[in-house]
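Asks: Please find the sequence and the predicted model below.
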Amino acid sequence: MNWTCEQTEARLSDYLDGVLTQTELLAFKVHVPGCERCAPLVASVSELVRGLQSMEQLETPPRLVYSILDKTLGPRESVTGWRGVLAWVRGVASVRLAYGALSVAATLIIFVTASGFNWRHPKLADLRPATIYRNADRTVHLAYGRSAKFVNDLRVVNEIQSRVREENDLRANPESTVPDSSPQKQPGSSDGSKPTTPRQQNRANDLVRHMEVLAAELPLFCGTLGGR
Amino acid sequence: MEQDAQLVQQCLQGDASAWEELVRRHTRRIFNICYRFTGNGTEAEDLSQDVFLRVYRTLASYRSAHGGFATWVTSVTRNLLIDHYRRTKRDRVTDSLDDRMPAVENKESSARRPDELALLGELSGQVQTALTKLSPDLREAVILRDLQQLEYGEIQRVLSVPEGTVKSRINRGRIELARILQQMGVRPS
């Protein structure tokens, strides 16, 4: 089958739509690549169609829908005041928006409370940025101080617990602290055992003091330790 | 499509919210057709309003058996665009369509507002300029097929011409548009 340049031009859309018959397609493919008139035409139109079909739709001007509705249904009744606010809320109401508003409100409440605002006796002066900053700064420092004290207390409790455990171990195994009379033991030599030293005695005394301090500062832990 | 037909029924029973829904569903597409045809944002907005006004007034004449609501609205749009083209053609007072089109459209494209340029993007703006240089018959065929991606049957119903004519116009329109872009030194990819 012979294919001419006129046929290429007339059937180009059929080629792009893929509706040429096998024979026509074969003749097209034989003719076009070697033709200096058809090859650039097919390339440019193919490229153009791809470009056009991938172009996105333009956005509608925001006022257009309302202009059309005004022209067809007549101007909408304008509502003001609380009715206007309610109409606006009804227009934008959605579950997602409700969740969002709720979380924003919760965050604000937490922030305002943290800044030292007194909800029982609210004062306008408490909402001034300088006051909020000063109160927030103080609250943060107080919170840091309390946290540091709490961590220190925990460390002391932990230390005391470990010492109490050591003490209990010592009481439960007195033979390990008192050296055995070994037949092989020679006077003046050690058999590797650890007799109670004055330092251990001092530790035991310290322990009692720590317990007293702890009882004064942390009554909660005192009960726990007292049970041991 | 069925949803459109249902909305039309509700509109005919006086449901304003159904009409609002129809307007929201089709405004973007109609605005795009008008803009691509005229190449002018303000004219496209005015024409879109006129389209919906006419659709609203003649809604009772719509028959779903004769095609989808979208096709019907597109057909109304096309008729209004051709009316608009003829009206503005008389205003221009020129002799030949071929002589007149490039000069007028060049003027339009050079007068394009910055917001319109931002809306279009550079390449799209050049394609738009080239599109407005096509004759109206070829332009509307290319817009409906390649930009609105309608099927040949739908285009046939919108333009009220035989399918062979639709195919021929699309083919000629594409070739002509590619040539114009080539002359402008634009590669459309």
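Replies: Yep, that arrived.
Asks: Any idea which residue of chain A lies closest to chain B?
Replies: Per CB to the nearest CB, A:Gly51 is where chain A lies closest to chain B, at 3.5 Å. Using the backbone N, CA and C atoms, a C-beta is placed for each residue, glycine as well.
Asks: ok, residues contacting whichever helix or strand that residue is part of?
Replies: Using DSSP states H and E, A:Gly51 sits in helix A:38-54. With CB atoms under 8 Å, 6 or more residues apart in numbering or on different chains as the test, helix A:38-54 has contacts from A:5, A:8-9, A:12, A:15-16, A:31-33, B:123, B:127, B:142, B:146-147, B:149, B:174-175, B:177-179, B:181-182, B:187-189.
Asks: quick check: domain ranges of chain A?
Replies: What the record gives for chain A is the domain set A:5-54, A:64-127, A:129-175+A:195-226, from automatic domain parsing.
Asks: tell me the most buried of those?
Replies: domain A:5-54 (a mean of 15; mean count of other CB atoms under 10 Å in any protein chain shown).
Asks: end to end, how far does it reach?
Replies: 28 Å (CA to CA, to the nearest Å).
Asks: For chain A, which residues score under the pLDDT cut-off?
Replies: A:76-79, A:91, A:174-201, A:203-204, A:217-228 (pLDDT under 70).
Asks: Near chain B, which residues of it are found?
Replies: Counting by CB under 8 Å from any CB of the partner chain, chain A comes close to chain B at A:9-14, A:41, A:44-45, A:47-53, A:55, A:57-61, A:64-65, A:67-69, A:71-73.
Asks: Residue for residue, what is the longest helix chain A has?
Replies: helix A:129-172 (DSSP state H).
Asks: counting contacts, what elements does that helix pack onto?
Replies: Packed against helix A:129-172 by the contact rule (3 or more CB pairs under 8 Å, 6 or more residues apart in numbering or on different chains; DSSP states H and E) you find helix A:95-114, helix A:198-217, helix A:219-226.
Asks: tell me the secondary structure for the residue nearest to the spatial centre of chain B?
Replies: Closest to where the C-alpha atoms of chain B average out (CA atoms, centre = their mean) is B:Ile33, at 3.0 Å. What DSSP: H, G, I helix; E, B strand; the rest coil gives for B:Ile33 is helix.
Asks: Was I right to think it contacts B:Gln148?
Replies: Yes. Shown here, B:Ile33 and B:Gln148 form a contact pair, counting by CB atoms under 8 Å, at 6.4 Å.
Asks: what sits in contact with each of the two?
Replies: Listed as contacting both B:Ile33 and B:Gln148 by CB under 8 Å, 6+ apart are B:Thr74.
Asks: ok, B:Leu138 - contacts?
Replies: B:Leu138 neighbours (CB under 8 Å, 6+ apart): B:169, B:172-173, B:176-177.
Asks: and if we set it to 6 Å?
Replies: If you count contacts by CB atoms under 6 Å, 6 or more residues apart in numbering or on different chains, B:Leu138 has them with B:169, B:172-173, B:176.
Asks: What residues does chain B have near chain A?
Replies: For chain B, the contact set with chain A under CB under 6 Å from any CB of the partner chain comprises B:16, B:20, B:23-24, B:27-28, B:31-32, B:45, B:49, B:52-53, B:56, B:119, B:124, B:146-147, B:170-171, B:174-175, B:178, B:188-189.
Asks: that older thread, now find how far off-centre the longest helix of chain A is within its chain.
Replies: Distance, stretch centre to chain centre, for helix A:129-172: 27 Å (CA atoms, centre = their mean, to the nearest Å).
Asks: Skipping adjacent residues, who's closest to A:Leu20 in space?
Replies: Using CB to CB, 6 or more residues apart in numbering or on different chains and skipping the chain neighbours, the partner closest in space to A:Leu20 is A:Asp14 (5.4 Å).
Asks: what packs against the helix or strand containing that neighbour?
Replies: Assigned by DSSP H and E, A:Asp14 falls within helix A:5-17. When contacts are defined as 3 or more CB pairs under 6 Å, 6 or more residues apart in numbering or on different chains; DSSP states H and E, helix A:5-17 sits against helix A:38-54, helix B:163-184.
Asks: at 7 Å what do you get?
Replies: helix A:22-31, helix A:38-54, helix B:163-184 (3 or more CB pairs under 7 Å, 6 or more residues apart in numbering or on different chains; DSSP states H and E).
Asks: which residues of chain B fall in helices?
Replies: B:2-12, B:16-38, B:41-57, B:69-92, B:97-110, B:114-120, B:122-131, B:136-142, B:152-159, B:163-184.
Asks: hang on, the earlier thing: including distance to A:Asn168, could the helices and strands packed on helix A:5-17 go into a markdown table?
Replies: A markdown table is the format used below for the helices and strands packed on helix A:5-17 (distance: least, CB to CB, whole Å):
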| stretch | distance to A:Asn168 |
| --- | --- |
| helix A:22-31 | 96 |
| helix A:38-54 | 81 |
| helix B:163-184 | 93 |
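Asks: Are any of the residues of chain B next to chain A buried, and if so which?
Replies: In the residues of chain B next to chain A, burial by neighbour count holds for B:20, B:23, B:27-28, B:31-32, B:45, B:49, B:52, B:56, B:119, B:124, B:146-147, B:170-171, B:174-175, B:178, B:188, counting by 16 or more other CB atoms under 10 Å in any protein chain shown.
Asks: among the helices and strands of chain B, which has the poorest mean pLDDT?
Replies: helix B:97-110 (a mean of 44; mean pLDDT, DSSP states H and E).
Asks: confidence score at B:Leu144?
Replies: On pLDDT, B:Leu144 comes in at 94.
Asks: wait, it sits on B:Gln156?
Replies: No. Applying CB atoms under 7 Å as the test, B:Leu144 and B:Gln156 come out as separate, 10.1 Å apart.
Asks: Those two: which is more packed in?
Replies: B:Leu144 (26 against 18; other CB atoms under 10 Å in any protein chain shown).
Asks: Distance check, the more buried one against B:Ile175.
Replies: Distance of B:Leu144 to B:Ile175, computed by CB to CB, to the nearest Å: 17 Å.
Asks: Equivalent analysis for A:Gly51, please.
Replies: 15 Å.
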